[in-house]
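Q: predicted model and sequence follow; I will ask about them next.
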Amino acid sequence: MKKFNLLLTGLATTLATTVFAQNISDKWYIGIGAHAVDYTSVRGIFDGYFDTDDYSIVPPLSKLTVARSIGKNFAVDLQASIGEIDNKRLKIKDEFFVLAGLGLRFTPLSESKSLRWLDPYVRIGANYHKYSYKGIRIVEDDPSTHLDAYDDDYNPEKNYKLGGKFTGHDDNFILNGGVGINFWFTKNFGINIESQYNWATAYTKDYINFFQHSASIIFKFGAKKEEPLPPPPPVEAPSDRDGDGIPDDQDRCPDTPGLPQFQGCPDTDGDGIPDDQDRCPTAAGPSQFQGCPDTDGDGIPDIDDACPTVKGPIENNGCPWETKDVTFRLKNINFEFNSSKLTAESLPLVKDAAKLLNDESFDGKKFFVDGHTDRVGSVAVNNRISKQRAQSVVNELVNNGVSKDRLIARGFGKTELLCKQADINAKRDEKGNILYPDQETCDRENRRVVILDQTGSKVSITEEVKVKTPGNKRK
């Protein structure tokens, strides 16, 4: 890629790391992504709009967006794009490109409660645009100044002359308009896809007008925290047997000290549910479970959960089904030193994984086999050996009966480390245990081969197998 664009990617990565460390919330959002510029599709309504061969693409983290909601269905934003861009219509190559300005968005579904994950919008904006057109001057009555350009199909073998009147500048004012859509994977994290038409107002010709397409990751943050309401003042009463400050004639529990918000009844576990309405008065829990806790978070209160510390479906009384995890079968595979050859001890593990992939529950499914390395070594070496190791696993799966056309080997080198230097002696599991006590443990966690569903779900592929339902603990 171009040297400037590579430098831009590195600088933007540092910026993204700083920005994403903030606390996220609702009012603001920030997006960082890649963009592509197309000068050739302006000569008609979407003429060649989807012809990506005409795009000049800048690598990821070359576009920054900061937006803020200003009311129901409206938001303002600041966008800035940078990179080295080719104007394929005027045959300009590797020219420094800046586009920055303000915009107004109309978001028709921003108040929707049923489609919170989907957020389309229409945008208009005004921008400063820097791109060098100095030295390009076309005089209408002087054919010698007319420029060669591609024909309507932008076929480089069929040129025509750009005529008319045109004098290029470095700095231009741009109006733009377009559409975009946000897909929210969680309340505060998602991706954005956007396409805009950019019009240079100072020219009568469309020679420097362009489409810009972009894709970004987006984060929400910055909502104002609301202060809790103060408790109501105590009320003096002529008679208060339990001494809780609530008169007996207003106290639902006159002989047991309690809280004003519960009409004098106690809340022993402090979960906001009075004891006389709490199924579990000595263990804190949410109101949806009548005050009983749900330790494993599976939606079944502990009092009704046969496995209260392990998630499971209600059909199995809160206990998990037995699962066969394809990726787990590969967790402990090893390769010979500095090689992609599987050790003899690893072959039975791959054979076991092959049996699962050939199970009828996976009929028609295709998979990625992804290799990862630790931090040691150069990027090129790690990329190569991770791809080779993934391919070795693919070959062994094929040898054990898995159809070759269902598998694609990929190598990610050390780009997706599960354990980083800062995690050693610092990162803990849910029980508070240190996950990575030393460097070797950290590196071993990063050296792995995983199998993922090609549909795009980045999760381990599992097959559910029902087991005998445990005894019912319901009370």
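A: Cool, the structure landed.
Q: surely residue 133 meets residue 169?
A: Yes - assessed by Cβ atoms under 8 Å, residue 133 is found in contact with residue 169 at 6.0 Å. In short, each C-beta sits where N, CA and C put it, glycine included.
Q: those two - which one has more neighbours?
A: Using other Cβ atoms under 10 Å, the more surrounded residue of residue 133 and residue 169 is residue 133, with 21 against 17.
Q: excluding its backbone neighbours, what's nearest the more buried one?
A: The shortest distance from residue 133 to any non-neighbouring residue, by Cβ to Cβ, 6 or more residues apart in numbering, is to residue 168 (2.6 Å).
Q: dump the residue contacts of the one you found.
A: Residues in contact with residue 168 (Cβ atoms under 8 Å, 6 or more residues apart in numbering) are 132, 133, 134, 135, 136, 137, 208.
Q: what's the answer for residue 49, then?
A: 38, 41, 211.
Q: measure stretch 429-442 end to end?
A: 14 Å (Cα to Cα, to the nearest Å).
Q: so how far is it off the chain centroid?
A: 26 Å (Cα atoms, centre = their mean, to the nearest Å).
Q: any idea of the mean pLDDT in it?
A: Averaged across stretch 429-442, pLDDT comes to 90.
Q: give me the buried positions along that stretch.
A: 435, 436, 442 (16 or more other Cβ atoms under 10 Å).
Q: now what about it, what contacts it?
A: 374, 419, 420, 421, 423, 424, 425, 426, 427, 428, 445.
Q: at 10 Å what do you get?
A: Stretch 429-442 is contacted from outside by 374-376, 417-421, 423-428, 443-446, using Cβ atoms under 10 Å, 6 or more residues apart in numbering.
Q: phi, psi of residue 308?
A: Dihedral angles of residue 308 (phi, psi; degrees, to the nearest 10) stand at phi -70, psi -20.
Q: just checking, it touches residue 289?
A: No - in this structure, residue 308 is not within contact of residue 289 by Cβ atoms under 10 Å, at 11.8 Å.
Q: need the residues touching each of the two.
A: 300, 301, 302.
Q: neighbours of the last one, how many?
A: The tally of other residues near residue 302 (other Cβ under 10 Å) stands at 19.
Q: likewise for the one 3 residues further on?
A: When counting by other Cβ under 10 Å, one arrives at 25 neighbours for residue 305.
Q: next: residue 78.
A: Residue 78: 15 neighbours (other Cβ under 10 Å).
Q: surely it meets residue 103?
A: Yes - when contacts are counted by Cβ under 10 Å, residue 78 is listed as touching residue 103 (7.8 Å).
Q: joint contacts of these two?
A: Residues touching both residue 78 and residue 103 by Cβ under 10 Å, 6+ apart: 65, 67, 125.
Q: need the residues you listed in a markdown table (columns: pLDDT, neighbour count and secondary structure).
A: Shown next, in a markdown table, are the shared contacts of residue 78 and residue 103 (pLDDT from 0 to 100; neighbours: other Cβ atoms under 10 Å; DSSP: H, G, I helix; E, B strand; the rest coil):
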| residue | pLDDT | neighbour count | secondary structure |
| --- | --- | --- | --- |
| 65 | 93 | 21 | strand |
| 67 | 91 | 24 | strand |
| 125 | 95 | 21 | strand |
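Q: export those residues to JSON lines and tack on distance to residue 344?
A: Shown next, in JSON lines, are the shared contacts of residue 78 and residue 103 (distance: Cβ to Cβ, whole Å):
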{"residue": "65", "distance to residue 344": "53"}
{"residue": "67", "distance to residue 344": "56"}
{"residue": "125", "distance to residue 344": "63"}
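Q: tell me which of these is nearest to residue 335?
A: residue 65 (42.9 Å; Cβ to Cβ).
Q: list the contacts for the residue nearest to the closest one when sequence neighbours are not counted?
A: Sequence neighbours aside, residue 31 is the residue nearest to residue 65 in space, at 4.1 Å (criterion: Cβ to Cβ, 6+ apart). If a contact means Cβ under 10 Å, 6+ apart, then residue 31 has 19, 63-67, 77, 79, 180, 182, 190-192, 194, 214-219 as its contacts.
Q: check which helix or strand residue 31 maps to.
A: strand 28-38 (DSSP states H and E).
Q: adjacent strands (with direction) for that strand?
A: Strand 28-38 has the following sheet partners, assigned by DSSP bridges: strand 56-71 (antiparallel), strand 210-221 (antiparallel).
Q: winner for burial among the ones you listed?
A: Across the strands paired with strand 28-38, averaging neighbours per residue (mean count of other Cβ atoms under 10 Å) puts strand 210-221 on top, at a mean of 21.
Q: sorry, back to before: identify the contacts common to residue 133 and residue 169.
A: With Cβ under 10 Å, 6+ apart, residue 133 and residue 169 have common neighbours 200, 203, 208.
Q: which of the residues you listed sits closest to residue 283?
A: Nearest to residue 283 among the shared contacts of residue 133 and residue 169, with distances taken as Cβ to Cβ, is residue 200, at 67.4 Å.
Q: then the strand holding residue 31 to PDB, C-alphas only?
A: The C-alpha coordinates for strand 28-38 follow below in PDB (Å, rounded to 0.1, in the frame of the first residue of the first chain):
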ATOM      1  CA  TRP A  28     -22.400  11.000  21.700                       C
ATOM      2  CA  TYR A  29     -20.900   8.600  19.200                       C
ATOM      3  CA  ILE A  30     -17.500   8.300  17.600                       C
ATOM      4  CA  GLY A  31     -16.600   6.200  14.500                       C
ATOM      5  CA  ILE A  32     -13.300   5.300  13.000                       C
ATOM      6  CA  GLY A  33     -13.000   3.400   9.700                       C
ATOM      7  CA  ALA A  34     -11.900   3.200   6.100                       C
ATOM      8  CA  HIS A  35     -13.200   5.100   3.000                       C
ATOM      9  CA  ALA A  36     -13.100   4.900  -0.800                       C
ATOM     10  CA  VAL A  37     -13.400   7.700  -3.300                       C
ATOM     11  CA  ASP A  38     -14.900   7.300  -6.800                       C
END
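Q: could you list the domains of the chain?
A: 3-221, 324-465 (automatic domain parsing).
Q: pretty sure residue 256 is touching residue 263, no?
A: No - applying Cβ under 10 Å, one finds residue 256 not in contact with residue 263, separated by 11.7 Å.
Q: do a quick rundown of the helices in the stretch 201-350 of the chain.
A: 326-329, 347-357 (DSSP state H, counting those that start in this stretch).
Q: which of these sits most buried?
A: It is helix 326-329: most buried of those by mean count of other Cβ under 10 Å, with a mean of 20.
Q: picking up where we left off before, of the buried residues of stretch 429-442, closest to residue 368?
A: When these are compared against residue 368 (criterion: Cβ to Cβ), the nearest one is residue 442, at 24.3 Å.
Q: element containing that closest one?
A: Going by DSSP H and E, residue 442 is in helix 439-446.
Q: what bridges to the residue nearest to residue 192 when sequence neighbours are not counted?
A: Of all residues not flanking residue 192 in the chain, residue 216 sits nearest, at 4.5 Å (Cβ to Cβ, 6+ apart). Beta-bridge partners recorded for residue 216 (DSSP bridges): residue 33, residue 192.
Q: for residue 198, same thing?
A: The partner residues for residue 198, given DSSP bridges, come to residue 176, residue 210.
Q: which ones are touching it?
A: Residue 198 neighbours (Cβ under 10 Å, 6+ apart): 37, 39, 42, 99, 101, 125, 127, 129, 172, 174-178, 208-212.
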